[in-house]
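[1] any chance you can model this:
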Amino acid sequence: MSRLLFFTTLVVAFVATASLRADTYQLKTGGEVVGALVERGEKGSYVVKTVEGIKVTLPRFDVIKVIPENPALAEYKSRARSLPDTIEAHRRLAAWCTENKLTEEADHHLERLLKLDPADQAARQSLGYQRYGNRWMTREQIMQERGLVLYRGKYRTPQDIALREMQEQAEKAEADWYGRLKNYRNWLNNPRRSRGREAEEEIAQITDPHAVPALLKWLDDEPDEWTRRLLLETLQAIRHPDAVRTLVRLSIESPDPDERQQCIDYLLQQDEPVSLTPYVQKLTGKKNANVIVNRAAYALGQLGNPEAISPLIDALVTEHKYVTRHGSDQQIAVGMTSGGGGGLNVGGKGRKIITKQHENHQVRRALEKLSNGESYGFNDVAWRRWFVNEQQYKYYSSRRDQ
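    From the prediction side, this is the model:
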């Protein structure tokens with residue numbers, strides 16, 4: 001078959017399906033039929049010849065809307081039927097299609113133009129080709145060459161796509177857990193004891209890290225002590241970083257001493273050493289109340305990490321500021337500084353700020369525990385001298401072992 005005959009066959013096939021009038025008949029069922037109206041049948045039905053050449057009858061009440069064919073498309077069909085297979089003819093018709101917003105038809109003739117003249121740069125540029133090295137390539141081909149893939153309207157690396165899909169799956173899994181835990185919470189409050197036991201068993205068996213955000217949200221909102229213990233036990237078994245951070249926070253901030261101790265016990269069961277930073281911040285933070293200083297020190301003593309010794313020495317005696325009302329013994333803590341310094345302006349007639357020093361007994365006890373029984377009371381100078389001597393001894397011992 002000659003090239004001309006082959007293209008003529010393509011054009012005939014392309015135009016033949018488009019030569020019929022292609023009105024669109026939208027149906028009640030949500031579908032549609034595309035074709036030309038042959039006649040109106042009985043009771044106003046539509047007899048339509050589809051673009052495939054098949055006659056169908058559409059009852060009038062099944063058709064909700066008839067969308068007439070684009071006049072420009074009808075004009076195009078007329079032009080295409082007599083189009084010669086030449087470069088200039090395809091160029092002119094492609095330009096006409098572009099002016100009349102017939103993008104698909106314009107691309108069809110530009111592609112044929114490139115078959116006839118592969119060096120035509122204007123046609124390639126119109127089709128979205130770009131010069132890449134010594135080749136003409138589409139944007140998609142160039143991006144593929146760079147290792148990028150079109151994903152939801154943007155080109156991304158396969159690794160980025162994989163991470164995004166993993167994130168979406170994680171978010172979906174977390175959302176599912178919110179719903180499941182809501183059901184378990186309702187079951188715990190169900191008068192039927194069997195339902196409550198089922199919820200307890202389900203909660204205790206949770207090991208999925210995706211459940212942690214929902215468990216933490218429930219814990220924040222839960223006032224019942226027994227339920228909180230169940231949730232904390234479940235969280236500590238998952239070994240999730242957010243769960244560990246919550247155990248650390250509650251080991252200091254929880255108003256319930258039993259819960260604070262429970263959190264410390266769970267932290268001691270963790271596979272990795274617990275970060276001292278949150279506790280040290282509570283020792284020295286300017287807005288920490290004295291009770292918080294002592295709770296943090298108690299936890300550091302229980303955790304048993306000697307790295308806490310130096311910040312504990314700094315917190316042996318701390319200064320705290322209080323607001324007092326004239327003529328009243330009531331004092332409200334408004335801040336704290338370690339070793340003095342700092343100031344705070346508080347408005348209000350008859351109010352004044354006083355500063356008090358506190359000897360922190362839990363800090364001293366933690367130091368005695370971490371130092372294997374050394375006892376220098378609240379003498380921070382003596383504690384510091386001992387600490388420096390210990391560091392020097394360890395240093396020279398390690399040098400001798402080398």
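[2] leaving out sequence neighbours, find the closest residue to A204.
    T234 (6.2 Å; C-beta to C-beta, 6 or more residues apart in numbering). Any C-beta I mention is one placed from the backbone N, CA and C, and that applies to glycine too.
[3] quick check, the one you found in a helix?
    Yes. With the criterion set as DSSP: H, G, I helix; E, B strand; the rest coil, the secondary structure at T234 is a helix.
[4] model confidence for it, exactly?
    The predicted local distance difference test score for T234 is 96.
[5] now it: how far from Y266?
    11 Å (C-beta to C-beta, to the nearest Å).
[6] which element, helix or strand, includes the residue nearest to T103 when sequence neighbours are not counted?
    What sits nearest to T103 in space, not counting adjacent residues and going by C-beta to C-beta, 6+ apart, is C97, at 7.5 Å. C97 is located in helix 87-99, with elements delineated by DSSP states H and E.
[7] can you give me how far that helix is from the chain middle?
    With C-alpha atoms, centre = their mean, to the nearest Å as the basis, the distance from the averaged C-alpha position of helix 87-99 to the chain average is 49 Å.
[8] need the CA coordinates for it. CSV is fine.
    Extracted in CSV, the C-alpha atoms of helix 87-99 (Å, rounded to 0.1, in the frame of the first residue of the first chain):
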residue,chain,number,x,y,z
ILE,A,87,2.2,19.8,4.0
GLU,A,88,0.6,23.2,3.4
ALA,A,89,-2.9,21.8,3.4
HIS,A,90,-2.5,20.2,6.8
ARG,A,91,-0.7,23.3,8.1
ARG,A,92,-3.6,25.6,7.0
LEU,A,93,-6.3,23.3,8.4
ALA,A,94,-4.4,22.8,11.7
ALA,A,95,-4.3,26.6,12.0
TRP,A,96,-8.0,26.9,11.3
CYS,A,97,-8.8,24.2,13.9
THR,A,98,-6.7,26.1,16.5
GLU,A,99,-8.5,29.3,15.8
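[9] and the very next helix or strand once past it with helix 87-99, angle?
    For helix 87-99, the following helix or strand on the C-terminal side (DSSP H and E) is helix 103-116. Angle, helix 103-116 to helix 87-99, by axes from the mean of the first three to the mean of the last three C-alpha atoms, to 10 degrees: 160 degrees.
[10] for the next helix or strand after helix 103-116, name the packing helices and strands.
    The helix or strand immediately downstream of helix 103-116 is helix 121-126, counting by DSSP H and E. In terms of contact count using 3 or more C-beta pairs under 8 Å, 6 or more residues apart in numbering; DSSP states H and E, helix 121-126 is assigned the packing partners helix 87-99, helix 103-116.
[11] residues making contact with the host helix or strand of A36?
    In this structure, A36 sits in strand 32-40 according to DSSP H and E. Strand 32-40 is contacted from outside by 20-27, 46-51, 55-56, 58, using C-beta atoms under 8 Å, 6 or more residues apart in numbering.
[12] before we move on, what about stretch 201-214?
    170, 173-174, 176-178, 180-181, 184, 215, 230-231, 233-235, 237-238, 240, 242-243.
[13] in PyMOL, select just the buried ones from the residues you listed.
    If you want just the buried ones from those in PyMOL, going by 16 or more other C-beta atoms under 10 Å, the selection is:
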select buried, resi 174+177+181+184+215+230+231+234+235+238+240+243
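[14] so for Y25, what's the nearest residue that isn't a sequence neighbour?
    Closest to Y25 by C-beta to C-beta, 6+ apart is V33, at 4.5 Å.
[15] err, S254, not the other one
    Skipping the residues right next to it in sequence, S254 comes nearest to R260 by C-beta to C-beta, 6+ apart, at 4.9 Å.
[16] show me what the host helix or strand of the one you found is packed up against.
    Take DSSP H and E as the rule and R260 turns out to sit in helix 257-268. Taking 3+ C-beta pairs under 8 Å, 6+ apart as the contact definition, the neighbouring helices and strands of helix 257-268 are helix 225-238, helix 241-253, helix 290-303.
[17] most packed of those helices?
    Neighbour counts (mean count of other C-beta atoms under 10 Å) averaged over each of these peak at helix 290-303, with a mean of 22.
[18] can you add distance to T103 and give the helices and strands packed on helix 257-268 back as a markdown table?
    Written out in a markdown table, the entries for those read as follows (distance: least, C-beta to C-beta, whole Å):
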| stretch | distance to T103 |
| --- | --- |
| helix 225-238 | 54 |
| helix 241-253 | 51 |
| helix 290-303 | 68 |
